[in-house]
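>>> Here is a sequence together with a model predicted from it:
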Amino acid sequence: MRIRLTISLLIASVLVISQVNGQKKYKYSVDLNEIKNDRLTINLATPAMSKDSILFHMPKMVPGTYAIENYGSYLKNFKAYDKAGNELNVTRKDKNSWMIYSAKKLYKLQYEVDDTWDSPEIKEEIFEPAGTNIQKDSLFVLNTFGFFGYFEGMELLKYELRVRRPATMYGATSLDRIGSRESNTDVFFAANYHLLADAPIMYAKPDTSYLKVGRTKVLVAVHSPNNKISAKEVANELLPLLRVQEKYLNGKMPVKKYAFLIHLTDNKNITRFGALEHSYSSMYYLPETMDSVQLANTIKDVAAHEFFHIITPLNVHSEQIGNFNYIEPEMSRHLWMYEGLTEYAAHHAQVRGGIINWEEFLQRLKGKINTSTSLFNDTLPFTELSKEALGKHKEQYQNVYEKGALIGLCLDISLRSLSDGKYSTQQLMGDLSKRFGRDKSFQDDELFDIITSMTYPEIGSFLQTYVAGKKPLPLDSIFRLAGINFQPSDTVYAPEIDFGTGVNFGLVPTGDTLYVANLSKPSNLMKRIGVNSGDKILELNGKSFLLSNYKLAIEAYGEEAKVGSTISLKVLRKNKEGSNQWEEKLLSATIRNESKVEATLKPDLNATTKQKALLENWLSKN
């Protein structure tokens, strides 16, 4: 009996030790009440290790940012310990990685984290919605990838995050919250690192509102330093938009919960603002200094785009995103879909839902056409731009929101035309979501073939020619299908005829001859021709230039001048001493003035019945 009891106790003891030392999840903890040198201390009870050495990583880049952030640069005093509290040997390999030796003994990690919003001494460039903030008793922005890391090859283990918070603050997030017996402590759970990194938390004075859109429960959390706008007011602005987007998705929201985390900054020197999308939430950094109407419209416009990311890349994505590599990220070829088609849908849903009229919608499209063609390389294949968005084509990235949206436009009208109005990008993205979904990725180089097999050969040709190829989008023929006349932007040239705003003529006292009395702001033409102050002008292009007829001479020049034609002035000019004067003929070829004429979009008053039907199918309120 004793032996058996002893054995049983021994077995139980071994089990307890195994559970303590052999846990198979990450157990993170952080106390928001304990701030040292504007840093938070992070503690990690580590999962069991099977290797003698292991790499710990902080992300070099995260999904949706398309930029290198190097979150590891914000970590200080990185330490590793065994169960007895002995420090283990650690070597920092690069900005984002630490090698931990004797890893089988590893029991705990501890490190400090600076925030990205308020650490100018750390030379990294991180967009604020993807950043972190530590502001005692006021605001904590916990973009989780900025505070918590993972061991190489162990990203799929479970995560438990314990946050001790000030009693006056609430943590808004889309993460699952587990009940805790500890006062003022939140416990969150994520099935793996990808889900943890995909869910920011914003701690602030509670200002939240909940909406119900179909089956989806939507949290709106706002931090407005000067109470410029409340969560309830934002929710009231968002509700009509979300209902329109639900209808645009055929009444089927692909998520059961969603969180809008909105921080308004009162920084008057703000130079950039926006949002970062996540699968079940979006984080916003916007200026509080706008007037209330402008602020509400800005939130609504940004949210319209970010919310539609519940379709792509949440439910439609390539393996580069499905198995995102936070240290050596590989870019997908399909930013035209992830960002471009999302941007198009954000605006198209509003016109279909009656939030904006079709004139406003066409105006927005015109703006994207003008921006895309004037500021970016219109012959750069979009798939190449996507693959090199972190490298040589970094400066072209913003075109994903301009030309990318226009690619979505072209696909939508083409699909509606080919199907007699029965199929569109709305149905296409819905069908792709059903085929793949959150947990299934497509092969990056197979997407065009997949879309072609689901639609029409003409769509495959379009994707290869205008998305993977160098040809500018066929906007003229696309708009013509829907009875819209498109006039592309153009450069118009005209001869240079002006003398300048600061050129004034005076009358010579002894007659009706004119002289140059003021030459403070001459035109480039007058500079090139070499007119001097004090010159008496006798002739302009052979015509007498006197008080009685100088206006006629200028008008004649303006009518006769052509690009590249020559202007001549005969002047009476004094020498340096001013004692003698002589006639001098000044010659210059007029150089063409350039002026940009923006693109125009106007309904064709002579549109055919077929064109009118497609226009109605495309823009009518659903």
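Received, thanks. As the structure is a computational prediction, the values presented were derived from the model and not from experiment.
>>> ok, for Lys93, nearest residue in space, not its chain neighbours?
Closest residue to Lys93 apart from its sequence neighbours, by C-beta to C-beta, 6 or more residues apart in numbering: Met99 at 5.5 Å. Heads up, the C-betas are built off the backbone N, CA and C, glycines and all.
>>> Touching whatever helix or strand the one you found lives in from outside, list them.
Met99 is part of strand 97-101, with elements assigned from DSSP states H and E. Contact with strand 97-101 is made by 52-58, 72, 78, 80, 88-93, 106, 327, as judged by C-beta atoms under 8 Å, 6 or more residues apart in numbering.
>>> Now restrict the residues you listed to buried residues only.
Buried members of these, scored by 16 or more other C-beta atoms under 10 Å, are Ile54, Leu55, Phe56, His57, Met58, Gly72, Phe78, Ala80, Leu88, Val90, Leu106.
>>> Make sure Tyr284 is indeed in a strand.
Yes - judged by DSSP: H, G, I helix; E, B strand; the rest coil, Tyr284 forms part of a strand.
>>> Quick one: neighbours of it, just the number.
25 (other C-beta atoms under 10 Å).
>>> For it, which residues count as its bridge partners?
In this structure, Tyr284 bridges to Ile262, Ala275 when assessed by DSSP bridges.
>>> from what I can see it touches His263, true?
Yes - with contact defined as C-beta atoms under 8 Å, Tyr284 counts as touching His263 (6.3 Å).
>>> hang on, the earlier thing: quick one, grab the pLDDT at the residue nearest to Lys93.
pLDDT, Met99: 98.
>>> same for whichever strand or helix holds Ser453, what does it pack against?
In this assignment (DSSP H and E), Ser453 forms part of helix 447-454. Helices and strands touching helix 447-454, as assessed by 3 or more C-beta pairs under 8 Å, 6 or more residues apart in numbering; DSSP states H and E, comprise helix 425-435, helix 457-462.
>>> pLDDT of stretch 336-355, averaged?
Averaging pLDDT along stretch 336-355 gives 96.
>>> That one: which residues count as buried?
336-353, 355.
>>> In helices only, show me those residues.
Applying DSSP state H to these, the entries found in helices are Thr342, Glu343, Tyr344, Ala345, Ala346, His347, His348, Ala349, Gln350, Val351, Arg352.
>>> With distance to Thr144 added, can I get those residues in TSV?
Formatted as TSV, those follow (distance: C-beta to C-beta, whole Å):
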residue	distance to Thr144
Thr342	23
Glu343	26
Tyr344	30
Ala345	28
Ala346	26
His347	31
His348	32
Ala349	30
Gln350	31
Val351	36
Arg352	35
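>>> and which of those is nearest to Asn377?
Nearest to Asn377 among those, counting by C-beta to C-beta, is Glu343 at 18.7 Å.
>>> Surely the closest one and Gly404 touch.
Yes - the criterion here is C-beta under 8 Å, and Glu343 meets it with Gly404 at 6.2 Å.
>>> can you list the domains in the protein?
18-204, 208-310, 319-489+605-619, 494-596 (automatic domain parsing).
>>> For the last one, the averaged confidence score.
Averaged across domain 494-596, the pLDDT comes to 78.
>>> Pull up the distance across it, start to finish.
11 Å (C-alpha to C-alpha, to the nearest Å).
>>> how close does Val195 sit to Ser433?
Careful, residue 195 is Leu and not Val. 19 Å (C-beta to C-beta, to the nearest Å).
>>> And for Thr265?
From Thr265 to Ser433 the distance is 35 Å (C-beta to C-beta).
>>> longest strand anywhere in this protein?
strand 25-36 (DSSP state E).
>>> That one: what's the following helix or strand?
Next helix or strand after strand 25-36 toward the C-terminus (DSSP H and E): strand 39-45.
>>> Which secondary structure elements does the very next helix or strand once past that next one sit against?
Counting by DSSP H and E, the element after strand 39-45 in chain order, helix or strand, is strand 53-57. Counting contacts by 3+ C-beta pairs under 8 Å, 6+ apart, strand 53-57 packs against strand 97-101, strand 150-151.
>>> Could I have the CA atoms of strand 53-57 written out in CSV?
What follows is strand 53-57, C-alpha atoms only, in CSV (Å, rounded to 0.1, in the frame of the first residue of the first chain):
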residue,chain,number,x,y,z
SER,A,53,19.5,27.0,-28.6
ILE,A,54,16.6,28.9,-30.0
LEU,A,55,16.0,32.2,-31.8
PHE,A,56,13.4,34.7,-30.4
HIS,A,57,12.0,37.1,-33.0
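>>> what mean pLDDT does it have?
For strand 53-57, the mean confidence score works out to 98.
>>> Name the surrounding residues that touch it.
By C-beta under 8 Å, 6+ apart, the list of residues contacting strand 53-57 reads 72, 93, 96-103, 106, 109, 149-152, 326-327.
>>> Now do that strand: distance to the chain's middle.
32 Å (C-alpha atoms, centre = their mean, to the nearest Å).
>>> From Asn133, how far out is Tyr284?
13 Å.
>>> Now the common contact residues for these two.
Contacts common to Tyr284 and Asn133, judged by C-beta under 8 Å, 6+ apart, are His263.
>>> hang on, Tyr557 is in a strand, isn't it?
No - assigned with three-state DSSP, Tyr557 falls outside any strand and is helix.
>>> Provide a list of residues in contact with it.
Ile497, Leu540, Asn541, Lys543, Ile567.
>>> Of those, which pair is most distant in space?
Ile497 and Lys543 (14.1 Å).
>>> count of neighbours near the closest residue to Glu560 other than its chain neighbours?
Nearest residue to Glu560 in three dimensions, chain neighbours excluded: Asn541, at 7.3 Å (C-beta to C-beta, 6+ apart). Asn541 has 17 neighbours, counted by other C-beta under 10 Å.
>>> One more: Ser565?
Neighbours of Ser565 using other C-beta under 10 Å come to 13.
>>> can you offset everything so residue one is 37?
Taking 37 as the first residue, the last one we looked at is Ser601.
>>> Distance of it relative to Lys563?
Relative to Lys563, and taking C-beta to C-beta, Ser601 is found at 18 Å.
>>> so where is the protein shaky, pLDDT-wise?
Scanning the chain for pLDDT under 70 picks out the ranges 37-58, 533, 537, 612-619, 627-628.
>>> rerun at 80
The model of the chain has pLDDT under 80 over residues 37-58, 215-217, 526-542, 545-547, 556-557, 559-562, 594-595, 597-600, 610-632, 658.
>>> tally of neighbours for Tyr551?
So Tyr551, with other C-beta under 10 Å, has 16 neighbours.
>>> For the stretch 287-436 of the chain, which segments count as helices?
328-343, 355-358, 371, 378-388, 394-411, 418-423 (DSSP state H, counting those that start in this stretch).
>>> closest to Gln647 out of those helices?
Short answer: helix 394-411, nearest of the helices of the stretch 287-436 of the chain by C-beta to C-beta, at 14.5 Å.
>>> got the buried residues for the closest one?
Trp394, Phe397, Leu398, Arg400, Leu401, Lys402, Lys404, Ile405, Asn406, Thr407, Ser408, Thr409.
>>> Name the residues that touch it?
So helix 394-411 is contacted by 383-384, 386-387, 414, 435, 437-439, 441-442, 445, 508, 511, 520, 524-525, 632, 634-637, 655 (C-beta under 8 Å, 6+ apart).
>>> which of the residues you listed are buried?
In the contacts of helix 394-411, the ones that pass as buried (16+ other C-beta under 10 Å) are 383-384, 386-387, 435, 437-439, 441-442, 445, 511, 520, 525, 635, 637, 655.
>>> Mean neighbour count, the helices and strands packed on strand 89-93: which tops it?
Of all the helices and strands packed on strand 89-93, strand 186-187 has the most neighbours on average by mean count of other C-beta atoms under 10 Å, namely a mean of 24.
>>> could I have the very next helix or strand once past that strand exported to CSV, CA atoms only?
Later in the chain than strand 186-187, the nearest helix or strand by DSSP H and E is strand 194-200. Taking C-alpha atoms only, strand 194-200 is exported to CSV below (Å, rounded to 0.1, in the frame of the first residue of the first chain):
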residue,chain,number,x,y,z
LYS,A,194,-1.3,29.2,-28.2
TYR,A,195,-0.9,32.6,-26.6
GLU,A,196,-2.2,33.8,-23.3
LEU,A,197,-1.8,37.5,-22.5
ARG,A,198,-2.4,38.9,-19.0
VAL,A,199,-2.6,42.7,-18.8
ARG,A,200,-2.8,44.5,-15.5
